[in-house]
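Here is a sequence together with a model predicted from it:
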Amino acid sequence: MRLAIATVCGLGLIPGAPGTWGSLPPLALAIAFAWSGCSPAILFGSLLLLAIIASLATLALAPWYTSHFGKEDAPQ
């Protein structure tokens with residue numbers, strides 16, 4: 001379960017640009033909300049909530065991820 005959450009169901013394991021692939025779910029959510037005709041406030045609130053949840057999950061899972069894969073995020 002931790003691996004699925006930390007890698008956005010494996011999207012973060014795709015080689016090349018894992019961060020880019022991991023950002024697809026919020027884009028899909030935004031497109032779905034836009035097509036459904038919801039108000040911009042609901043879209044903004046949903047994306048804000050998703051960002052908060054993802055940030056908290058990242059903070060909680062970073063130590064486990066580092067020990068599981070044996071490497072830290074590349075400095076840039």
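Okay, I see it.

show me what contacts residue 58?
Listed by Cβ atoms under 8 Å, 6 or more residues apart in numbering, the contact set of residue 58 reads residue 6. C-betas here are computed from N, CA, C, even on glycine.

Now do it against residue 68, distance only.
To residue 68, residue 58 is 14 Å away according to Cβ to Cβ, to the nearest Å.

can you list contacts of stretch 65-73?
With Cβ under 8 Å, 6+ apart as the contact definition, stretch 65-73 has outside contacts at 2, 3, 6.

What residues sit buried inside it?
residue 65 (16 or more other Cβ atoms under 10 Å).

Quick check: mean pLDDT of it?
Across stretch 65-73, the average pLDDT comes to 78.

Please tell me how far it is from the chain's geometric centre.
Averaged C-alpha coordinates place stretch 65-73 at 17 Å from its chain's average position (Cα atoms, centre = their mean, to the nearest Å).

Now stretch 34-45: buried residues?
Result for stretch 34-45 [16+ other Cβ under 10 Å]: buried residues residue 43.

For it, C-alpha coordinates in PDB please.
What follows is stretch 34-45, C-alpha atoms only, in PDB (Å, rounded to 0.1, in the frame of the first residue of the first chain):
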ATOM      1  CA  ALA A  34     -14.000  20.900 -16.200                       C
ATOM      2  CA  TRP A  35     -16.000  18.500 -18.500                       C
ATOM      3  CA  SER A  36     -18.600  18.000 -15.700                       C
ATOM      4  CA  GLY A  37     -19.300  21.800 -15.700                       C
ATOM      5  CA  CYS A  38     -18.600  22.300 -12.000                       C
ATOM      6  CA  SER A  39     -17.800  25.700 -10.600                       C
ATOM      7  CA  PRO A  40     -14.200  26.900 -10.500                       C
ATOM      8  CA  ALA A  41     -14.400  27.100  -6.800                       C
ATOM      9  CA  ILE A  42     -15.100  23.400  -6.500                       C
ATOM     10  CA  LEU A  43     -12.200  22.700  -8.900                       C
ATOM     11  CA  PHE A  44      -9.900  24.900  -6.900                       C
ATOM     12  CA  GLY A  45     -11.000  23.400  -3.600                       C
END
